[in-house]
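Novice: Just the structure for this:
(one chain, ligands or ions: 1)
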Amino acid sequence: MVEEQLIRRGIKDPRVLAAMVEVPRHEFMPPDRRADAHYDGAVPIGEGQTISQPYMVALMVELLEVTPTDKVLEVGAGSGYQAAVLGQLGAEVYAIELIPTLASRAEATLQRLGYENVHVVVGDGSKGYAKAAPYDCIIVAAAAPDISPAWVEQLNAGGRIVAPVGSLHSQVCTVAQKRDDSLHTVHSIGCVFVPLRGQYGWDA
Ligand code: SAM
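Specialist: Below is the predicted model of the structure:
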């Protein structure tokens, strides 16, 4: 997976590649989909949701430029896999998930694998997670209509947000850096994610 899907497509950060080697992706798959753990695409995890394509996880984590001293908010914990990759990089991670059954499954998997630096919480991550703010980085794993004002508010100066932003059907992986209370935005590749729900998502 790492050689054929990540390195061949241009993922370069050795720390990200090492984390993707270390985290046992099959542990985050539903029992009947374990054989698809290294499939080159998103895979259903129940509740109409998916574990993201390995390449998208690696690309977005690479774009986040996370360091071991960072506090990171992940919006859309899903299976907990991406949160584990961030935890493997040494960051303190708050992973928020709207669907309680997915959150408790992700939490159980992360605990079983010993990711003590990853905390799963239930809630509407379109509003961020004010209790643990401010964050050095925010990564969003669901398609957002725009960068939520709550994410900007809960981000430290110089911090980065990586999120798929666009329509319900197609988005652009967007990197936004907070500079002097304004956002400097750069676009990466096109992508397709499940919708972000909640106050600043598509429920609005
Ligand atoms: N990062 C996940 C992983 O590694 O398995 C994949 C995330 S999946 C593509 C998107 C997730 O975002 C779904 O589990 C969905 O329930 C969640 N979600 C959607 N809207 C949300 C919101 N407003 N707050 C928190 N989670 C949300």
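Novice: ok, and for the lengthiest helix in the chain, which residues are buried?
Specialist: In the chain, taking DSSP state H as the definition, the longest helix is helix 100-112. Across helix 100-112, burial judged by 16 or more other CB atoms under 10 Å covers L102, A103, R105, A106, E107, T109, L110. The C-beta positions use only the backbone N, C-alpha and C, and glycine is treated the same way.
Novice: which of the residues you listed come close to the ligand?
Specialist: L102 (CB under 6 Å from any ligand atom).
Novice: would TSV of the buried residues of helix 100-112 with distance to E65 be doable?
Specialist: Below are the buried residues of helix 100-112 laid out as TSV (distance: CB to CB, whole Å):
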residue	distance to E65
L102	27
A103	27
R105	29
A106	24
E107	26
T109	26
L110	23
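Novice: which one of the buried residues of helix 100-112 sits closest to the ligand?
Specialist: L102 (5.1 Å; CB to the nearest ligand atom).
Novice: what angle do the helix or strand just after the longest helix of the chain and helix 100-112 make?
Specialist: Where DSSP states H and E defines the elements, the next helix or strand beyond helix 100-112 is strand 118-122. Here strand 118-122 runs at an angle of 170 degrees relative to helix 100-112 (axes from the mean of the first three to the mean of the last three CA atoms, to 10 degrees).
Novice: Quick check: neighbours of strand 118-122 in the sheet, parallel or antiparallel?
Specialist: Sheet pairing for strand 118-122, assigned by DSSP bridges, gives strand 92-97 (parallel).
Novice: pLDDT averaged over the strand it pairs with - what is it?
Specialist: For strand 92-97, mean pLDDT rounds to 98.
Novice: what distance separates that strand from the centre of its chain?
Specialist: Strand 92-97 sits 9 Å away from the centroid of its parent chain (CA atoms, centre = their mean, to the nearest Å).
Novice: which residues touch it?
Specialist: Identification of contacts with strand 92-97 by CB atoms under 8 Å, 6 or more residues apart in numbering yields 70-78, 80, 82-83, 86-87, 103, 106, 117-125, 129, 132, 135.
Novice: Please write out the alpha-carbon positions of it in CSV.
Specialist: The C-alpha coordinates for strand 92-97 follow below in CSV (Å, rounded to 0.1, in the frame of the first residue of the first chain):
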residue,chain,number,x,y,z
GLU,A,92,-2.2,15.1,20.9
VAL,A,93,-5.3,14.4,18.9
TYR,A,94,-9.0,15.2,19.6
ALA,A,95,-11.1,13.3,17.1
ILE,A,96,-14.8,14.4,17.0
GLU,A,97,-17.5,12.2,15.4
